[in-house]
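Participant: Kindly generate the corresponding structure for this input.
(one chain, ligands or ions: 2)
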Amino acid sequence: MDRLPNCVAIYPNDGNKWEIWCLPSRQEEIHSLTPQKARRFSGILEFNATLKENHRFATITALWSTFPPSFLALFFKFENPSLHFLAICFRVFCQLKREEGSMGEAPAICSDDLKKSCGNGFNLASRGSETAIVLGDRKYVIGGNDDESESSIGVKIYDKSADLRVKPTILGTKPTPSEDHWSLLLDENQDRILVIKNDSTLADRIWLLEVDTNFVRQQSKVLESDVVAWSKGVSGYPGKPVVFSGPSGVGKGTLISKLMKEFPSMFGFSVSHTTRAPREKEINGVHYHFTERTLMEKEIKEGKFLEFACVHGNLYGTSVEAVEVVADVGKRCILDIDVQGARSVRASSLEAIFIFVCPPSFEDLEKRLRGRGTETEEQIQKRLRNAKVELEQGRSSGLFDHILVNDDLNACYKTLKELLGLHEYAVDECPREEIHLSSIHSVSKVDHKIFINCSAADLENASKDSFVLDVCSLKGGAPGRTRGFNLYRTNKFADCVNEIKEQN
Ligand SMILES: Nc1ncnc2c1ncn2[C@@H]1O[C@H](COP(=O)(O)OP(=O)(O)OP(=O)(O)O)[C@@H](O)[C@H]1O
Ligand SMILES: Nc1nc2c(ncn2[C@@H]2O[C@H](COP(=O)(O)O)[C@@H](O)[C@H]2O)c(=O)[nH]1
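Facilitator: Ligands and ions are numbered 1, 2, ... in the order given. Predicted structure coming up:
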């Protein structure tokens, strides 16, 4: 919604014409709102519906735009209240929202050259193909396509002080274009904008555009340009990831396979990138993302990797995305990385459990490595040399939470399950089902709660489609996901309707 002011009143005019007024957001003024006190905001709004005589308007208590329109309607008091009348008020507001531009003296924040300007100055939700959020001297215009790829929502910055249009470098996982979206400033830090797409599945609905977070500032320095970064919003937190390290041939992959086979819904594997050549039965995207060194180096520079290391002469790395896609489906992520990589992950913001796997002896390790038959003699020699160093580092560094000796495979696997809190009869649980969100009609924010209303026309049934998105405990962010959104249905609207019914 573009220009709905903080406080609005509707006054009856002739016939089916009504006047729209507004006040600044002073709550104490709301209760004594009169046309004299109110600053006139717009002209006359025509009702589509014909009002009946007995639906005469009496007093307006309050109406403020931090609530969804359906909630706003409930702040009216009428001489002869009826749900039918409330429904009309509600529809007026829906119409107001659509008829942006026809509202007269809205705060003029948007540039004239914006096709569909939506800056409202009150940090309200905005709707349309482009929305704008103003932060200090900068206006972030969100919408349309990203010019370069046309495959994601575009972002432009208008710097008012310098009278400049800036095309920022857009990092992170980008949302695909949307016909219709809502945007609002998320928190007091003023560093992130919440964008809710209106035409997607729930998994693709909630996005954060970071404009001044640590990651954005860091990347801005590295890339020497204006940077913004997208981060997908995800509900809940999966369990802590598990990092496996240990010398080549010790049996990490074997243990991981057993775990994933027994608990397929609980664990997911982080598919690393590597510059080494694929082995005979290895599949790109399943065992590794096999990649070119120059491309991987470029992506490392762009901050896309959680960790990377040169191992046995090749570059290996865990992309942020590799870990996030596992968590997205509610699974605990398993990483199989070398000791250098484990050290980097330990230093990162990812909270994980670190397990070092040792062979019963160096001779056993050599036997297993040779027995696997996947390396040339030269490669085996190199891996064995590196194993000595890794074993020393792994055992002594204090980096690892657990040291697991892989002697007898089944005994080792049993110990592994115990230390991951998986008792003998643990069962594999499926992730929770998602809530279904239909087309959104209003979005508004009160403290750390975003009210989302998906139902417009039918007030009686509106509560079925009213949701709250709780954003009080968010974690993470670009270049990964922002986790911890809590979406639930609310009965607040139904409660209000019942209250009015009782008053009648
Ligand atoms: N406890 C064990 N006893 C005997 N052989 C084992 C045991 N665990 C694994 N192996 C065998 O050792 C070989 C190497 O195991 P695996 O490929 O799992 O090692 P890895 O640590 O994943 O190696 P890399 O780091 O090179 O990927 C395999 O042939 C596997 O079957
Ligand atoms: N630091 C990282 N190390 C990784 C990653 N993926 C795998 N590895 C380690 O490399 C060696 C060799 O693996 P191989 O498949 O060539 O035998 C092994 O110890 C792995 O743990 C990674 O993303 N980062």
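
Participant: Return the set of buried residues in whichever strand or helix holds residue 383.
Facilitator: Applying DSSP states H and E as the criterion places residue 383 in helix 377-396. Buried residues in helix 377-396, counted by 16 or more other C-beta atoms under 10 Å: 380, 383, 384, 386, 387, 390, 391, 393, 394. (Glycine included, C-beta is placed from N, CA and C.)

Participant: again with stretch 198-216
Facilitator: For stretch 198-216, the neighbour count (16+ other C-beta under 10 Å) marks 198, 200, 205-213, 215-216 as buried.

Participant: from those, which two are the most distant?
Facilitator: Maximum pairwise distance in these, criterion C-beta to C-beta, is 26.9 Å, between 198 and 215.

Participant: model confidence over the helix or strand residue 234 falls within, on average?
Facilitator: Secondary structure assignment for residue 234, by DSSP H and E: strand 227-235. The pLDDT scores in strand 227-235 average 93.

Participant: For stretch 473-488, buried residues please.
Facilitator: 474, 476, 477, 478, 479, 480, 481, 482, 483, 484, 485, 487.

Participant: In this structure, where is pLDDT below threshold?
Facilitator: Within the chain, the ranges that satisfy pLDDT under 70 run 1-128, 144-150, 424-435, 455-464, 491-504.

Participant: Residues of it that sit close to ligand 1?
Facilitator: Taking C-beta under 6 Å from any ligand atom, the part of the chain that reaches ligand 1 is made up of 246, 248-254, 368, 371-372, 406, 409, 412.

Participant: Buried by neighbour count, from those residues: which ones?
Facilitator: With burial judged by 16+ other C-beta under 10 Å, the buried subset of the residues of the chain next to ligand 1 is 246, 248, 249, 250, 251, 252, 254, 368, 406, 412.

Participant: In the residues you listed, find the pair that's most separated.
Facilitator: 248 and 412, at 17.0 Å, using C-beta to C-beta across those.

Participant: where's residue 354 relative to ligand 1, distance?
Facilitator: As judged by C-beta to the nearest ligand atom, to the nearest Å, residue 354 and ligand 1 stand 15 Å apart.

Participant: Next: residue 263.
Facilitator: 18 Å.

Participant: what's the burial count for the spatially closest residue to residue 238 that is not a sequence neighbour?
Facilitator: Spatial nearest neighbour of residue 238, chain neighbours left out: residue 327 (4.6 Å); criterion: C-beta to C-beta, 6 or more residues apart in numbering. Using other C-beta atoms under 10 Å, residue 327 has 22 neighbouring residues.

Participant: Can you give me the distance of the residue nearest to residue 218 when sequence neighbours are not counted to residue 165?
Facilitator: What sits nearest to residue 218 in space, not counting adjacent residues and going by C-beta to C-beta, 6+ apart, is residue 303, at 7.4 Å. Residue 303 sits 25 Å away from residue 165, going by C-beta to C-beta, to the nearest Å.

Participant: Ok, residue 213 next?
Facilitator: Per C-beta to C-beta, residue 213 is found 23 Å from residue 165.

Participant: Residue 264 now?
Facilitator: To residue 165, residue 264 is 50 Å away according to C-beta to C-beta.

Participant: Would you map the strands across the stretch 201-350 of the chain?
Facilitator: Taking DSSP state E, counting those that start in this stretch as the criterion, the stretch 201-350 of the chain carries its strands at 206-210, 227-235, 242-245, 267-269, 273-274, 289-290, 305-311, 314-319, 332-336.

Participant: in the fourth one, what counts as buried?
Facilitator: Okay, so that is strand 267-269. By 16+ other C-beta under 10 Å, the buried positions in strand 267-269 come out as 267, 268, 269.

Participant: and which of those residues is nearest residue 154?
Facilitator: residue 268 (31.9 Å).

Participant: interface residues of this protein facing ligand 2?
Facilitator: Residues of the chain found near ligand 2 (C-beta under 6 Å from any ligand atom) are 248, 272, 276, 307, 309, 311-312, 316-318, 336-338, 340-341.

Participant: one more time with 8 Å
Facilitator: 244-248, 252-253, 270, 272-274, 276, 279, 287-288, 307-309, 311-312, 314, 316-318, 322, 335-338, 340-342, 344, 374-375, 383, 390 (C-beta under 8 Å from any ligand atom).

Participant: ok, back up a step: now the buried residues of strand 267-269 as a markdown table including distance to residue 295?
Facilitator: As requested, those are arranged in a markdown table below (distance: C-beta to C-beta, whole Å):
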| residue | distance to residue 295 |
| --- | --- |
| 267 | 29 |
| 268 | 24 |
| 269 | 22 |
